[in-house]
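A.B. asks: make a model of this:
(chains A and B)
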Amino acid sequence: MSMYQDAIIAGFGGQGVMLIGNLLAYAGMNAGLNVTYIPVYGPEMRGGTANCTVVVSDDVIGSPIIRSPVSLIIMNGPSLDKFQPQLQDGGILILNSSLIDPVKSDKNRVKVYAVPVNEIADSLGNSRMANMVAIGAYVQATGVLPVKQVQDSLGSVISEHYSHMIPKNAAAIQAGADYVIAHGQYV
Amino acid sequence: MSTPKRIFVKGNEAICHGALTAGAKCFFGYPITPQNDIPEFMSAAMIEAGGQFVQAESEVAAANMLLGAAGCGIRALTSSSSPGISLKQEAISYMAGSEIPGVIVNVSRGGPGLGDIGPSQGDYFQATKGGGHGDYHLLVLAPGTVQEAYDLTIKAFDLAFKYRNPVMILADAIIGQMKEPLVPWIPQGLDPDEGQDWGLQGAKGRAPRLLKSLFLDDGALAGQNEKLAAKYRAMQVETDQELFLTEDADLIVVAFGSIGRIVKSTIRKLRAQGHKVGLVRPITLFPFPSAVLLDLARQGKRFLTIEHNMGQMVEDVRLAIRTVADSAFHGQLPGNLPTPDDFEQPILKALEG
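C.D. replies: Residues are numbered from 1 along each chain as shown, chains lettered A, B, ... in the order given. From the prediction side, this is the model:
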């Protein structure tokens, strides 16, 4: 059985969606898998949503661009409106419930994990790590890669200058994964 | 099994890594999206590699700097995106006429005119049919992956010097901006005397040389055009393409570059549903894999050409198979990112005949 996972990761510019997209791709590559990452740029970069698409597979990857993904990480309301309708039936949605009311999610059609990533990041001392909480939740909910594989890849996306931040980011990833274990699916 | 070291880079960066490992010593450019990662990267890396980097005052200047550097027998390149490539065409024509081996990278975007900054394959005609004035061809290489962007850049320099002809790498905003693992490799056996037998390195101790595209003597231009035509015929041996599930296919999709890889996902899905579809992805656009297509046509297969434009390569496909078959066409409009879903209905329709 071949392994295949794709994800669209979307939010406001500045929420770090490109960074966790890169992190997921690096983790996949470090696990010996094939990966693609493509940022979507264009008018929507200027004030609206930023997003990227990541594909992880043990087979050769065809398209790096996906219209109907099997999973989503949604960091803000406009991104939910834009991408939730495209999520495949039974797909996995990680929803930032700090900024989006999970009532808006299509929980009867897709598997929703509502995670208050901003509050969790705040409780760890830095709200800017909300993206790390989200990727931790995502990896736990999808099982695409071991959580540790993602934590171990932080050095690939965080520059040498900020390497002292790696343990805190690893803790934020763990906190996201733990939240999913503790609270499960939003129903 | 030991896994070779992989790096995770954009296609634009892969082109830079490929050029540097191929021994490129000069880069000339002028900013334009979506190729800006190339001059940004080269502005530091080319200097570290002991070469020269110039951000020129215009694309016209950058292309003429390429002509000058390559005329000295040095491995050199320029890069731009569609509107900027148009501005370089005069120098490219002069390079073809003077038999000067530079590498030109086009990370193409939407057009005509300023178009947009998104992906498009609207420059196929310009790349493969000349682009500038006069009766000439470039060798044109179209990467479909980040690894190929690296591999083909190395190959571009080898071919440029082998044939003393400019070579174009035709990528697009998708290949340029996407990231993928890349296994770098170092080409062996680079000739340290490359270009010494014709390049302009100074005539001290030898007879002077002249590189020119002006031939006014009676019969001289005819001779030069005949020589170039023979060279273009000789280039046919460089034809390269990827064949994907073609053997038992009823329908052959022909698509290049980013579209070639995206349509591969569509084909996998349709195969799982029992549809017999295959893919020919031309890797060299000039020379074009006409013989491969004709062979498949003779086996009774049908054809659908898919491009991110309103129909350019399809003319070469039809020309290749004209004695036995025809090709249907699906054009993806620019301004939208193409996905595998976009090609499902066109392929199913072509399968019905």
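A.B. asks: show me the contacts for the closest residue to B:Tyr124 other than its chain neighbours.
C.D. replies: Excluding the flanking residues, the one nearest B:Tyr124 by CB to CB, 6 or more residues apart in numbering or on different chains is B:Gln312, at 3.9 Å. (C-beta placed from N, C-alpha, C; glycine too.) Applying CB atoms under 8 Å, 6 or more residues apart in numbering or on different chains to B:Gln312 gives the contacts B:Gln121, B:Gly122, B:Tyr124, B:Phe125.
A.B. asks: equivalent analysis for B:Thr153, please.
C.D. replies: B:Thr153 neighbours (CB under 8 Å, 6+ apart): B:Ala14, B:Ile15, B:Gly18, B:Ala19, B:Ala22, B:Val103, B:Val105, B:Ile169.
A.B. asks: most widely separated two among those residues?
C.D. replies: Across those, the longest distance by CB to CB is 14.1 Å; it joins B:Ala14 and B:Val103.
A.B. asks: and A:Gln86, how many neighbours does it have?
C.D. replies: 15 (other CB atoms under 10 Å in any protein chain shown).
A.B. asks: excluding chain neighbours, give the residue nearest to it in space.
C.D. replies: Nearest residue to A:Gln86, sequence neighbours excluded (CB to CB, 6+ apart): A:Ser68, at 5.2 Å.
A.B. asks: what distance do you get for the one you found to B:Thr323?
C.D. replies: Here the criterion is CB to CB, to the nearest Å. By it, A:Ser68 lies 41 Å from B:Thr323.
A.B. asks: who has more neighbours, these two?
C.D. replies: Neighbour count, other CB under 10 Å: between A:Ser68 and B:Thr323, A:Ser68 has more, with 16 against 8.
A.B. asks: ends of stretch B:18-30, what's the gap?
C.D. replies: 20 Å (CA to CA, to the nearest Å).
A.B. asks: chain center to that stretch, what's the gap?
C.D. replies: 16 Å (CA atoms, centre = their mean, to the nearest Å).
A.B. asks: and the contacts of B:Thr153 near chain A, which?
C.D. replies: By CB under 8 Å from any CB of the partner chain, no member of the contacts of B:Thr153 lies near chain A.
A.B. asks: related to what we said a few turns ago, would you agree the residue nearest to A:Gln86 is in contact with A:Gln88?
C.D. replies: Yes: with contacts counted by CB atoms under 8 Å, A:Ser68 reaches A:Gln88, the gap being 5.3 Å.
A.B. asks: pLDDT score for residue 48?
C.D. replies: Unless you meant another one, I'm taking chain A. Model confidence at A:Gly48, given as pLDDT, is 68.
A.B. asks: I was thinking of chain B, sorry if that wasn't clear
C.D. replies: 97.
A.B. asks: cool, and A:Glu44?
C.D. replies: 51.
A.B. asks: ok, B:Ser2 next?
C.D. replies: The per-residue pLDDT reported for B:Ser2 equals 54.
A.B. asks: which residues touch whichever residue of chain B sits closest to chain A?
C.D. replies: Nearest residue of chain B to chain A (CB to the nearest CB) works out as B:Ser265 at 3.3 Å. Residues near B:Ser265 by CB under 8 Å, 6+ apart: A:Gly62, A:Ser63, B:Pro340.
A.B. asks: check which helices and strands the helix or strand harbouring B:Ala14 sits against.
C.D. replies: Element membership of B:Ala14, judged by DSSP states H and E, is helix B:11-21. Under the contact criterion of 3 or more CB pairs under 8 Å, 6 or more residues apart in numbering or on different chains; DSSP states H and E, helix B:11-21 touches helix B:37-48, strand B:103-108, helix B:146-163, strand B:167-172, helix B:173-177, strand B:179-182.
A.B. asks: and it with strand B:167-172, angle?
C.D. replies: Counting by axes from the mean of the first three to the mean of the last three CA atoms, to 10 degrees, helix B:11-21 lies at 160 degrees to strand B:167-172.
A.B. asks: quick one: mean pLDDT for helix B:11-21?
C.D. replies: 98.
A.B. asks: and stretch B:341-353, by the same measure?
C.D. replies: Here stretch B:341-353 scores 95 as its mean pLDDT.
A.B. asks: what element comes up after the helix holding B:Ala14 heading to the C-terminus?
C.D. replies: Helix B:11-21 is succeeded, C-terminally, by strand B:26-29 (DSSP H and E).
A.B. asks: name the strands paired with that next one and say parallel or antiparallel.
C.D. replies: Here strand B:26-29 is paired, per DSSP bridges, with strand B:52-55 (parallel), strand B:76-80 (parallel).
A.B. asks: pLDDT weak spots in chain A?
C.D. replies: A:1, A:41-48 (pLDDT under 70).
A.B. asks: can you give me the strands in it?
C.D. replies: A:4-12, A:34-40, A:49-57, A:71-74, A:92-96, A:111-115 (DSSP state E).
A.B. asks: count of neighbours near the nearest residue to B:Gly278 once chain neighbours are set aside?
C.D. replies: Nearest residue to B:Gly278, sequence neighbours excluded (CB to CB, 6+ apart): B:Ala249, at 3.2 Å. Counted by other CB under 10 Å, the residues lying close to B:Ala249 total 22.
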